[in-house]
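Novice: okay, predicted coordinates and the sequence, questions at the end:
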Amino acid sequence: MFGEEVVFKLKDVGFSYPSGEKALEGINLSVRRGEKVALLGANGSGKSTLLKLLNGLLFTREGTIEALGQVLSEKIMANEEFSFAFRRRVGFVFQKADAQLFNSNVREEIAFGPVQLGWPAAEVNRVVDDVISMLNLDRLRDRPPFRLSGGEKRLVALASVLSLNPDVLLLDEPTSGLDPRTQRRLIRLIQQLNEAGKTIIVATHNLEILQEIADRAIVFSEDHHLVAEGPCEQVLSNIDLLVQVNLVDEEFHLHHPHPHGGHAPRPVTVPPFNGKKAGFFTKP
Amino acid sequence: MADFQIPEWLLQSRGPLPPITSSKKARRSFAQKSIDGFSGFLMDDFYAERIAAKKGLMQGLHPGIKVVTSLILIFVASCMHNWVSLLLINVYVLLLAYLSAVPLRIFLKRVWVFVPLFTVIIVLPTLFNVVRPGEPLVVLLQYGSHHQLAITRQGAQSMVLFVLRVAACVSIAVLLTLTTRWAYLLRGFSMIRVPTIFIKILEMTYRYIYVLLHSAGDMFEARLSRTVGRMSTGEQQKFVGNTMGSLWTIALGLSDEVHAAMLSRGYTGTPRTLTNSRLRGLDWVWTVFIVLISIILIGGDRLVW
């Protein structure tokens, strides 16, 4: 189904912030080209930190991260040629759209990447117009970011990354705070981009849309370990796991039938994780 | 829902990373430097909070008493005329820092980076006879039969006194801030009758500096993430200008929301806070001790040394 090329390969990756606060521990993981992967975990489990590590914004001394066949390090990212080539291929849409919108209007925001690449003005205009028309942002073209609604900001932030045509898209909580229609549009766009061959890695704790935005889910525990990975359907059916990692509470029931028949809520017993992956759908 | 019309170019793959042909280092961009600066600030503050949470002499005192006694000591230090008294105060504060589990390296760095940088530069000219006439101590330059450039005894003495005095005052202030959590320190100000409204404003400023600092950090990270080519100085300046504007807008929006949140929880314009914790025996003993030390220092300075 997916290409064999590995886009990201993480080996025993751990990360602590300078304050000593642990964010990730012992992460082993690989993502192949064209995959659609969700990073699942409660707040503070390390999802956003992992995305920043994958984007070469943070670096770790514990373990290695291989991206597009190259081990990421502060040294390699300091190489101008590599850094520019890498950032053209791996786009990151931040959780806080406000942080990402630093230009004075929507048009300039979308043009920011192509302008830096030194493309001719006509080429930049074409790309910007294409993205604006694709996302139906025409009426917002000259608006300053602070006059956009939350959903519009999110779309413009995505547009500003898409104008660089990255092969890999890292999305941090892309649907949080969006109204249903905007959320639906964003999901459809993610699906289409993936169908076009883009690798999608989404950090989320929204289980309702999980199966639509990902084929595979990677679950992080609150103590920053990777505790499970597998097809979304299997992850969603393991309520004990979801309770354990604080993605659902004991009263939770999904809006689709429970695999064991009937609907939750039901009492659960949760075995301790001890930082190990959960059983049956763990990769061999 | 209708499908998006994805343009042809967006469907093209960029292909594998090209081999690196140049070892040219990317200039450490202002974005990276700023991110480092933000995290440096947060780290400093984190260390200060950690020291303030330790068990030590100063940490055990009531914040109000600490503010009052520190102000007394600063007043005493600025009254001293003798280098011996000033040296004693410096040594005394260093001892207090030690008893309060403050790492001396951090303490000395905070005091002695600031003092020479500013104080020495301020008083440097008064060392020389051309600015302040006096008895020559070291002659630097002789020109003509009656003219010379020299460091004077009076200049050197007043410089030593000035530097020691500033160092003593800065040490006391640094010790106070390192051993007291910011929130408690502000409450301590109420003991010296600083109006509650000022304390409340300072408290909120401190709280929201972090929000804005994080927002600024996120902006610079997002900028770094999209750095795919070189930018001219003008474009970089434009980015900084835009960031400032955005932060201003965020701050403005926040201030409206915070005010609305305060109103919705019954704020009427007069800040009210929980009453301060009560003074304990140790606090009174400490106050008496500091007053006694102050009397001894002033007496010694005027009569003995």
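Specialist: Looks like it arrived, so ask away.
Novice: which residues are contacting the lengthiest helix in chain A?
Specialist: As assigned by DSSP state H, the longest helix anywhere in chain A is helix A:180-195. Helix A:180-195 is contacted from outside by A:34, A:36, A:135, A:151, A:154-155, A:158, A:162, A:169, A:171, A:174-175, A:178, A:200, A:202, A:209, A:212-213, B:1, B:3-4, B:6, B:10, using CB atoms under 8 Å, 6 or more residues apart in numbering or on different chains. For every residue, glycine as well, the C-beta is placed using N, CA and C.
Novice: the helix or strand that it is followed by packs against which elements?
Specialist: Where DSSP states H and E defines the elements, the next helix or strand beyond helix A:180-195 is strand A:199-204. When contacts are defined as 3 or more CB pairs under 8 Å, 6 or more residues apart in numbering or on different chains; DSSP states H and E, strand A:199-204 sits against strand A:22-32, strand A:36-40, helix A:47-54, strand A:168-172, helix A:180-195, helix A:210-213.
Novice: buried set for the fifth one?
Specialist: If I follow you right, that is helix A:180-195. Under the neighbour-count criterion of 16 or more other CB atoms under 10 Å in any protein chain shown, helix A:180-195 has A:182-183, A:185-187, A:189-194 buried.
Novice: same thing with the first one?
Specialist: Of the residues in strand A:22-32, those buried by neighbour count under the rule 16+ other CB under 10 Å are A:23-27, A:29, A:31-32.
Novice: find the nearest non-adjacent residue to B:Ser225, please.
Specialist: Distances taken as CB to CB, 6 or more residues apart in numbering or on different chains place A:Phe92 nearest to B:Ser225, at 4.6 Å, with adjacent residues excluded.
Novice: my bad, should have said B:Met231
Specialist: Nearest residue to B:Met231, sequence neighbours excluded (CB to CB, 6+ apart): A:Gln116, at 6.0 Å.
Novice: again, but for A:Leu155
Specialist: Nearest residue to A:Leu155, sequence neighbours excluded (CB to CB, 6+ apart): A:Leu135, at 5.5 Å.
Novice: phi and psi next, for the one you found.
Specialist: Dihedral angles of A:Leu135 (phi, psi; degrees, to the nearest 10) stand at phi -90, psi 0.
Novice: tally of neighbours for it?
Specialist: When neighbours are counted by other CB atoms under 10 Å in any protein chain shown, A:Leu135 registers 20.
Novice: do B:Lys66 as well
Specialist: B:Lys66 has 23 nearby residues by other CB under 10 Å.
Novice: show me what contacts the residue nearest to B:Ser225?
Specialist: With contact taken as CB under 8 Å, 6+ apart, A:Phe92 is in contact with A:51-52, A:55, A:57, A:161, A:170, A:172, B:222, B:225.
Novice: cutoff 7 Å now
Specialist: Applying CB atoms under 7 Å, 6 or more residues apart in numbering or on different chains, we find A:Phe92 in contact with A:51, A:55, A:161, A:170, B:225.
Novice: got any ranges where chain A has weak pLDDT?
Specialist: Applying pLDDT under 70 to chain A picks out residues A:1-4, A:252-284.
Novice: for it, just list every one of the helices.
Specialist: Assigned by DSSP H, the helices in chain A fall at A:47-54, A:74-77, A:80-89, A:97-100, A:106-116, A:121-134, A:150-162, A:180-195, A:210-213, A:232-237, A:239-244.
Novice: with distance to A:Leu68 added, can I get those helices in JSON lines?
Specialist: Formatted as JSON lines, the helices of chain A follow (distance: least, CB to CB, whole Å):
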{"stretch": "helix A:47-54", "distance to A:Leu68": "11"}
{"stretch": "helix A:74-77", "distance to A:Leu68": "11"}
{"stretch": "helix A:80-89", "distance to A:Leu68": "6"}
{"stretch": "helix A:97-100", "distance to A:Leu68": "22"}
{"stretch": "helix A:106-116", "distance to A:Leu68": "18"}
{"stretch": "helix A:121-134", "distance to A:Leu68": "22"}
{"stretch": "helix A:150-162", "distance to A:Leu68": "17"}
{"stretch": "helix A:180-195", "distance to A:Leu68": "18"}
{"stretch": "helix A:210-213", "distance to A:Leu68": "22"}
{"stretch": "helix A:232-237", "distance to A:Leu68": "25"}
{"stretch": "helix A:239-244", "distance to A:Leu68": "31"}
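Novice: these: which one's closest to B:Leu117?
Specialist: Closest approach to B:Leu117 among the helices of chain A (CB to CB): helix A:74-77, 30.5 Å.
Novice: for that closest one, buried residues please.
Specialist: Within helix A:74-77, the residues that count as buried by 16+ other CB under 10 Å are A:76-77.
Novice: from the contacts of helix A:180-195, keep the buried residues only.
Specialist: Among the contacts of helix A:180-195, those classed as buried by 16+ other CB under 10 Å are A:34, A:36, A:135, A:151, A:154-155, A:158, A:162, A:169, A:171, A:174-175, A:178, A:200, A:202, A:209, A:213, B:4, B:6, B:10.
Novice: ok, which of the helices of chain A comes nearest B:Val211?
Specialist: Closest approach to B:Val211 among the helices of chain A (CB to CB): helix A:97-100, 11.6 Å.
Novice: identify the residues contacting that closest one?
Specialist: Helix A:97-100 has contacts (CB under 7 Å, 6+ apart) with A:94, A:153-154, A:157, A:160, B:215, B:218-219, B:222, B:250.
Novice: with stretch A:213-223 instead?
Specialist: Residues from elsewhere that reach stretch A:213-223 (CB under 7 Å, 6+ apart): A:29, A:35-42, A:44-47, A:187, A:190, A:202, A:210, A:226-232, A:235, A:241, A:245-246, A:273, A:275.
Novice: which strands and helices lie in contact with the longest strand seen in chain B?
Specialist: Ranked by number of residues, the top strand in chain B under DSSP state E is strand B:136-143. On a contact count with 3 or more CB pairs under 7 Å, 6 or more residues apart in numbering or on different chains; DSSP states H and E, strand B:136-143 meets strand B:147-152.
Novice: could you rerun that using 8 Å?
Specialist: For strand B:136-143, the packing partners by 3+ CB pairs under 8 Å, 6+ apart are strand B:147-152, helix B:153-178.
Novice: give the buried residues for that strand.
Specialist: Within strand B:136-143, the residues that count as buried by 16+ other CB under 10 Å are B:Pro136.
Novice: so what's the gap between the longest helix belonging to chain B and the chain middle?
Specialist: Taking DSSP H as the criterion, chain B has its longest helix at helix B:233-264. Distance, stretch centre to chain centre, for helix B:233-264: 24 Å (CA atoms, centre = their mean, to the nearest Å).
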